[in-house]
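Colleague: missing the sequence, but the structure's below:
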Ligand SMILES: *C/C=C(C)/C=C/C=C(C)/C=C/C1=C(C)CCCC1(C)C
């Protein structure tokens, strides 16, 4: 019986009025779950190689959904940042977002080297960011800077480097439009995270301006915008390209029947 009483706070997340961070953990978990259902259902609507992209979109929100269920309980129980769950989620989902770039560019000659570089940059960014939030919290600005080098590597690939070049040379307006939207997500949507990081108490650059809770609030908003937004861009590209291919084969079929 005692065991059950002790378990109760773990099984039943508490949500107090005014706990805005707690609200965003709940909304985030449901939004990620709903997005996952959507992406997996749309899987059958797209053709061939676009199925891979839809699958990865669904996996990203699925992995996030599972972690959000843990994080919201952790927050509700402890009123503290679920840093470990957060970074485990990111270290799985951010490389998968790099995979999305690779998948859409593969038909236009993307090499695996591009994929591995982007994965390396994101792992660098997240491992050093984690160290700055935990082990070396007193020196969070230094670790934030080291982490930003990884972020800069990703930005370079997407805005100036080979990913950008492949998109430019593709001569495919649909691909180019989707690629550029994703690039803006990385530049603006991802820049939200370092702002949250600066709220780290004492050592953070914005510690005096933002209180600790703003960190999780900012991360939660960033995750919803970026993970679901990214998936929707991929979805609309996949649907657009599928319609294009089906249009062409329908035309060819009609021509055959006439001729
Ligand atoms: C779905 C999760 C995503 C897209 C997470 C992205 C996270 C970042 C872009 C984090 C970046 C950071 C820096 C650039 C410096 C400070 C430490 C981080 C890890 C917050």
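Modeller: Received it, and whenever you're ready, just let me know what you need. Because the structure is predicted, anything quoted here is derived from the model rather than measured.
Colleague: gap between the residue nearest to residue 59 when sequence neighbours are not counted and residue 159?
Modeller: Spatial nearest neighbour of residue 59, excluding adjacent residues (CB to CB, 6 or more residues apart in numbering): residue 96 at 6.2 Å. No exception for glycine: its C-beta is placed from N, CA and C like everyone else's. To residue 159, residue 96 is 20 Å away according to CB to CB, to the nearest Å.
Colleague: Ok, residue 191 next?
Modeller: Distance from residue 191 to residue 159, by CB to CB: 13 Å.
Colleague: before we move on, the earlier item: between residue 96 and residue 159, who's got more neighbours?
Modeller: Between residue 96 and residue 159, residue 96 has the larger neighbour count (other CB atoms under 10 Å), namely 17 against 14.
Colleague: pLDDT value on the more buried one, please?
Modeller: On the pLDDT scale, residue 96 is placed at 98.
Colleague: Figure out the length between the terminal residues of stretch 101-114.
Modeller: By CA to CA, to the nearest Å, the extent of stretch 101-114 from end to end equals 9 Å.
Colleague: Quick check: buried residues in that stretch?
Modeller: Across stretch 101-114, burial judged by 16 or more other CB atoms under 10 Å covers 101, 102, 103, 104, 105, 106, 108, 110, 114.
Colleague: quick one: average confidence on the one helix or strand residue 237 maps to?
Modeller: Using DSSP states H and E, the element containing residue 237 is helix 229-258. Averaging pLDDT along helix 229-258 gives 88.
Colleague: what about it, distance to the chain center?
Modeller: Taking CA atoms, centre = their mean, to the nearest Å, one finds the center of helix 229-258 at 27 Å from the center of the full chain.
Colleague: Might you enumerate the residues of the stretch 151-259 of the chain proximal to the ligand?
Modeller: Within the stretch 151-259 of the chain, the positions adjacent to the ligand are 151, 190, 193, 194, 197, 223, 226, 227 by CB under 6 Å from any ligand atom.
Colleague: Return the member of the buried residues of stretch 101-114 nearest to residue 62.
Modeller: residue 103 (17.0 Å; CB to CB).
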